[in-house]
Structure formats: C-alpha cells, structure tokens
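just coords:
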C-alpha cells in the first residue's frame, strides 16, 4: 500500500516537472505577488500614531508609535512575504495536479491559464507603487476574481470529463458562462447607479462580483436541475434560459436617466427622471419573467426548432455589450471650468448662424459643420441655448467613440477580442481619438470591412454615405476616411477585376457624390461656394504647419516618445506582412482588411502630427487605428480564442490582466476595478465646496470655480453693455455669452492663419471698427504651442497697437483696448514667449525675402576687425570675446552671458524687425535659449521688456527674425535707450555673431 501511494506521488511530481520552466518561473512570480499583496493588506491595517491613555492606570503592552513604523514594517515583510509566497507556490502545485488529474494528460493550455491567473496578485502591489495608497484596490476583489476564474475553469473541465459518459450532461460553453456572468455584473452595476440608496454603494467591486457569481451559480444550477426534469440536453436548456436573461441588458440605461449634485455633503441639484430609473428595474424583471416563459414554452414545444445559442450570441454581442460599454463610459457631469476657446468653437458659430449668418461666408470654423455649429444648434433645440445644454449633448455623444470602436473591432477581430480591446481602450492601455467626431469615420471603416467579408454592395453604399457624414462632422478626419476608403476601393476593384469590376467604386462614390452635390447647390444659392472652397483648401494646405510647430525629440525624451513610435512601427510591420502575403500568393480577405486599416492608420497619424510634440493629444489620437492594425495582423477575425491557439490564449489572458493594472497614460485615469468603483460617484457628483453658479443666462445651471465665475461675470457684464467688441484672445465663447457677433468672419484669432487672413481681418476692423478689443487674457491662451499670439497674428497685432489704446484697469482679468490712439503712452504688458526655432517658425517666405527688406534699415551693426563696435560691449559670464573676419566670437562660462549697448536713442514705432545672424555650438543636450532685452530712459532691464527664443546649437549660420512691432512691450515703450542681448543661457557654448540689424517695413497693405 505504501509503495502504491509512493508511486502515485512520484507520478504527480513527475507531471509537475514536465511543466515547461517558463510556467514555473511565472508561478514563482505570481506567488511573490501574493506575498506582497498579503504584506500590503496587513500593513494597511496597522496605525502608527500617538495615543492618549486618559483614565487608564496600566501602560498598554503593545503600542505602534510613528518612531517604530519602519521596524515593524520590516519585521512584517520578513515574516509575511516568504510565508505567503511559499503558500502561493503550494496552491499552484495543487491546481496543476488537479487539472492534470482531470484532463488525464499534461494539458499545457490549462497550465498556461492557471499560471497566468496568479499574476492577478500583482494588481495591488503595482497599484500601490503607482498611487502610494494600499487601499485603492480591494484585496477581497482580487481574491474573488482569482477564485472565480480558477473555480469556473476547474469546474468546467470536471463537467466536460463527466459528460464523456453522459453526452446530454455536457455543460454550457465557457463563453456562455462568461456571458451570463457579465449579465450578472450588469445587475450589480445597475444597483450602483440606482437612485435608491443601498448598502451596495459602499462595496462597488464586491457588489458587481457577487452579482456576477450569483447569477452564474443560479443559472448553472437551475438549468442543470431543469435539464434533469425535462430530460433534455443541458447545453441547449442553458442556452434557452440565457435568452430569457437578455432583457437584463437594458438595466445600464438607468445611469443615463438621472444624476444629482452634492456640495459640502448636501444635495443641491437633481437632474433627469429618477422615478423612471427606479421603475426600470422591476419593469426589466417582469420582461425577464415573460421572456423565460416564452423560451421554456418554445423549448418544450418540439415543433419550434430554435438555435438558442446563435440567437443569444447575436443579441448579446450586438446589443448587450455595446449598451454596457456605453453605460460604463457615460458620465453625466457637466460641472467643470468653462473652456472659452474650444466651447466657443461650437456656440459662437451656432449663435452667428441663428442670427442669419451663412457658414464660411459670414463665420468660419476649422473642423466641420456638424462638429462645430451643428452640435450646438442641436443642443440649443433639445435642451437650452446655453453652454450647459451643449455639454449635456456632448456628454451623450462622447461614449459613442467606444461603442463604434467595439463594432469595428468585432468585424475585424471577432466578438471576444472586440470586448477585450474596447475595455483596454476605455481603461487607457491604448490611446484613442478623444472626440466623438471620429464616430462616422469608424462606422465607414466598419461598412467597408463588412463589404470585404460579405461582398454585398449595400455595405459599400453605407461606406459612401458615412464618408459624406464624416466630412460634415470633421473635414480633416473625413479626408482621412476618404483617402483610406478610396485606396481600398481602387485596389480591390483592380485586384479582383473579374469579380467586381468598378461596382465597388461606383457604389461607394454615388452616395458620397450626391451628398457633396447637395452641399454645392446650397452654397451656390447662398453665394458662398468660393468661401467654402478657399477655406477648406487653406485647411488642407496651410493649417497643419500653422497649428503645429516641428519641434524635434531630444534623446532624453525617447522613453516618453513611445506613443509617437508605436503607430509607425505597427505600420511598418503591416507593410512587411502585406508584401510577403503578395509575394507568396497568400492574399486573403484579411489582407484587404489590413490594407484598409494600414492606410487609415497612416493618414490619421499624419493628421495627428499637427500637435508637433510627443505629448500632444492629437498625436495620441492619431494612433487610434494602430492597435486595431496590430491585432488584425496576428489574430484575424476568423480565428478565435475558442480554438485554443496557445498564442491567442496567452495574449488574451495577459491583456485581460492588464485591465486590472494601473495605466499611467490612461484616458480615464482608472483601471477596470476603479472604473467600477467610480460608477456610484458618476451619478452622485460631488463638486468643490467653493464653486458657485454665475448669474449668466447663457452659461446655464453650471457650477464654476469662484475665480472664473467672478471673472466671467465681470467681463460678460462689460461686453453686454458695450456697443461692439472684437476678441483677440481666443475666448470666442464671449460673443455668445454677451449676445454679440464678431465684426469679422473670425471669432477665434487662432484661425487667422495666413497673411491674407490677417489682411482680411484688418479690412473688416477698418470697415466696422469695434469699440473695444480684448487684447490679452493673462492665461496660457496668450501663447499656443509656445508662440505668442502677437507673433502668430503679427499684422493684426501691429494694427491694434497703432489704432487702439489700453484701458487702464483690467476687466475680469482681461487687458482691454479701446478705439483711438494716444500720442504719449508708456505701458508694458508682461509675457514671455518661446519662439521655437525661429527660422522655421517664420517660414520660408520670411527668410529668403530678408534681402529685399534691407533698404528700409534703421540701424545695422556688422562685427569685423575693420568695423567699430558702436557701443556693444560684453558683460557677465564671458570667458573669451574677440572680433575676427567671421564675426564677434564669444565663449560663455556661465548661464548669464550678456552683450549690452547703451549708446542708443530709438523710436520703437520706427522699428518693425530685428534681424540677428548668428551661429552657436554647444556641448550640452536640450534646448538653448537666447533673450533680447530693451529699456526706456534710465530704467534697468526687466523681464517684461524682453523676448525669449530658442537657438539652434548646430554650429551653422542662422538668421533669426524677431518682429518687435508686434510686441506691446516694445511698441508702447517711450524712446529706446539700451539693448541687451543674452546669446545663450548655458556655459561652454561657442557663439559667433555676424550682424544685428533693426529695420522698418510696412506690411499692413
């Protein structure tokens, strides 16, 4: 007997040893995570603080003082971490032995799944390392997920083995069990977002997990007993009852029906229909009961042959999952600070159109009709003509990005991958486009993918229709869609000419052409077709270079440039894959899908480059299709996790674990567990105690920070009583809030792109001069992407400085100009601006025309042995200074090298530009900046009378053009009596200055 037991034990040990080493290593790593989780759980329950022993005679035997915190945590770690690590290892060995006993073989796929679930225990340690708070993720939630995953898996394997001798007792598939668990989770989420206060609100994750386990257990046990009673196939019975549970899908809708606002612990507002939300739950239960009876009757009635599994799967993937994703992503909170630029892009054009303006002729907008004025016009009709009404509609539209992303992933990757992918997008593991305006584009690509697989022209017609809608919503994203779809249509038509000839191109272009024809007819009748064409051509050819500056990425930023490299690398991989498929004659429908996604990814990433730097949201949005493309390359839609391909099982489990880990670069800032914890809070919004509701009708019932509410009330009251005004600060919403129209087509100065646009603005201001001009806001909007507004719109700035004067007192924080000039005026406006690489900033048309401007020279200093220094002298942190044939050579020894000239008497109004020809060679990494100072009278040099710009430290000659006439600090000075030039702000830099010149040119024509 002893020998028999020993032989069995040796057999089990040998099986364990046959497990590949990689799983042993991962098991140890997962077990270490269990040890760390146990340590953090125990440590979070220890309180190190001082105690008062009032009325206690004896001294406490065990007190944790702050001074002993490190010692006790060290002892706790030495005790708990090794013990629980070994315990986890032992549990893993038991799991593997049990799985191998059930399977009767090694079962490598089971070993992989069980081992990877142990990585769940790293969620709490990693979350702590990111947030430095041990209680962010509940250890009970992690434990519940671990037990649920392994319990369901082992039970499924046992039931499958048992069914070998009883085929009718074959259990439901794991996919169906997961779907029922998700329906149970939906019940839990509905309890969290219900208007009724329940104890569940304090335990969100536990509630959702408990409901998922509860419904799964009731359904699994109930269908087994029902199967025994009816003597039918268990799997078919379970699928039938699952169809009866489908009406539970509607429960998440209640989070859209109501929400309330709290301030200082008190409820101050309630929105929506809370009674309807309360009645939704019992109404859904009644519908479920009716559906159950219908399903059971159909099951018993043998004349009805219904494929229950197919019916459930179709409705579950097409309706249940999208509704759940929408409800998870939806946030009703409209209370946040006003964004007078971006929200002005919607409300102000809508206000102008409601006043009778014609789009593009009387008012311009850069995105598209539906994205800018269209959504505001709809919100004004549906809710109220206010910013609050606009936000309500946009909050409803925002989750659609996640929903349509799921549908595209579903047709490209399959349903299970689509759900996983969408959750990864939602929690922020992969970046996504940040606005709802990409929704028509994603729908268009979905239609084209369906055409590839189904070969039905109705999908091509739908693609053309939604392409037109994409152009209406957002012109730039619509162009991306058009390029991708036309590339596919042409390639597919000629690649499979015998099958489809030109039918695809015609089916795609007919609805698109009809839509464009309607637009042309409307704008022709309104006399605005030329305006429409010229503006969109300008966006295509100029706006990209204007909106984003091409700042390079330094070597020290490569780690943070990952998302700028991810999309190009995936595109390269796709190109290689398609090339190999073509060469090896393995081109398939999936290859056409990859080609479509590749072109869309390239075009959208190219559009995303307008951000100009690796941290820009536009660049992250430009990587929207890159994860699609990556997964489509390795896990095509015809393959599924059900097929048990090892690579897919590994990838799916690992990515599922990623949902629970903290993702610092996330869209929501939460992992999946934190998203669930957030559900009660999103319908019970808690705003800061000092936020107030401004008394401005067109703001609506919004609570704002007190300083913004005060500023907004003051400036809106002033503008409402003013006869007319123009906004130079990009706070375009002020036109709407004060019930005024812009005297020019441009309500936002940032949209004044070209020199012709500036001249048009000047002509409009000259024809109908506004009484007041909002000149500076004192916020970051005074300089976008490091470029000051006075430089971007330099002609307009100079016009304003010559024709307006400063109102002495700021109004609501705004610097206001009033019509009319003053002969004697001395006022400085403090600001600093990083001009970037100035030769590139000003553009090619600036530098090569420099020679033509020299005849208007005011003063020129050329540095050579034969020339006089004319008052220039070195000062501070200069190790070497000498003049040679190549210019004035300087070697800096500190960060404050200065060149000064006090021998000056200049009228600032006679100077337009300062041209500086210089080269610099530095040994340090990063940007090197230069700074120009000027002074008036005997005053000292000061920051408010200075200009900061970047220097190119490549040892080559560069001409830096600085338009001084656009700077208030220069134009409004008295006589200039001194200049100071700090060529670099770093030591050990070799600088050679060839010439400095001041000259005047009139460009206001």
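Thanks, I have it. None of the values given here were measured: they were computed from a predicted structure. Numbering: from 1, shown residues only.

OK, contacts around residue 565?
Shown in contact with residue 565 (CB atoms under 8 Å, 6 or more residues apart in numbering): no residues. Every residue, glycine included, has its C-beta placed from N, CA and C.

any idea how far residue 605 is from it?
Look at residue 565 and residue 605: by CB to CB, to the nearest Å, they are 11 Å apart.

now residue 884
For residue 884 relative to residue 605 (CB to CB), the value is 48 Å.

my guess is residue 598 contacts residue 629, does it?
Yes. Between residue 598 and residue 629 there is a contact under CB atoms under 8 Å: 6.2 Å.

now for the biggest helix by length in the chain, which elements pack on it?
Across the chain, the helix with the greatest residue count (assigned by DSSP state H) is helix 69-103. Counting contacts by 3 or more CB pairs under 8 Å, 6 or more residues apart in numbering; DSSP states H and E, helix 69-103 packs against helix 2-17, helix 21-44, helix 108-117, helix 139-162.

buried residues in the last one?
Burial within helix 139-162, assessed by neighbour count using 16 or more other CB atoms under 10 Å, is assigned to 139, 141-146, 148-150, 152-154, 156-157, 159-160.

okay, angle between the host helix or strand of residue 180 and helix 139-162 too, please.
Under the criterion of DSSP states H and E, residue 180 resides in helix 174-192. Interaxial angle, helix 174-192 versus helix 139-162 (axes from the mean of the first three to the mean of the last three CA atoms, to 10 degrees): 150 degrees.

next SSE downstream of helix 174-192?
helix 204-230.

ok, residues contacting the helix or strand that comes right after that following helix?
On the C-terminal side of helix 204-230, the closest following helix or strand by DSSP H and E is helix 234-245. Helix 234-245 has contacts (CB under 8 Å, 6+ apart) with 168-173, 176, 179-180, 183, 215, 219-220, 222-224, 226-227, 230, 288, 291-296, 298-299, 306, 308-309, 311-312, 315.

need the next SSE after helix 234-245, C-terminal direction.
Note on helix 234-245: by DSSP H and E, the next helix or strand toward the C-terminus is helix 254-257.

how far away from the center of its chain is the helix or strand containing residue 409?
Assigned by DSSP H and E, residue 409 belongs to helix 400-413. On the basis of CA atoms, centre = their mean, to the nearest Å, helix 400-413 sits 17 Å off its chain's mean C-alpha point.

next one: stretch 393-404
13 Å.

which residues are in contact with it?
By CB under 8 Å, 6+ apart, stretch 393-404 touches 256, 322, 325-327, 329-334, 375, 378-379, 382-383, 422, 425-426, 432-433, 435-436, 438-439, 442-443, 446.

please redo it, this time with the cut-off set to 7 Å
322, 325-326, 329-332, 334, 375, 378-379, 382-383, 422, 425-426, 432-433, 436, 438-439, 442-443 (CB atoms under 7 Å, 6 or more residues apart in numbering).

same question, stretch 293-302
237, 240-241, 243-244, 304, 306.

how about stretch 267-286?
Contacts for stretch 267-286 (CB under 7 Å, 6+ apart): 190, 194-196, 247-248, 250-251, 253-254, 257-262.
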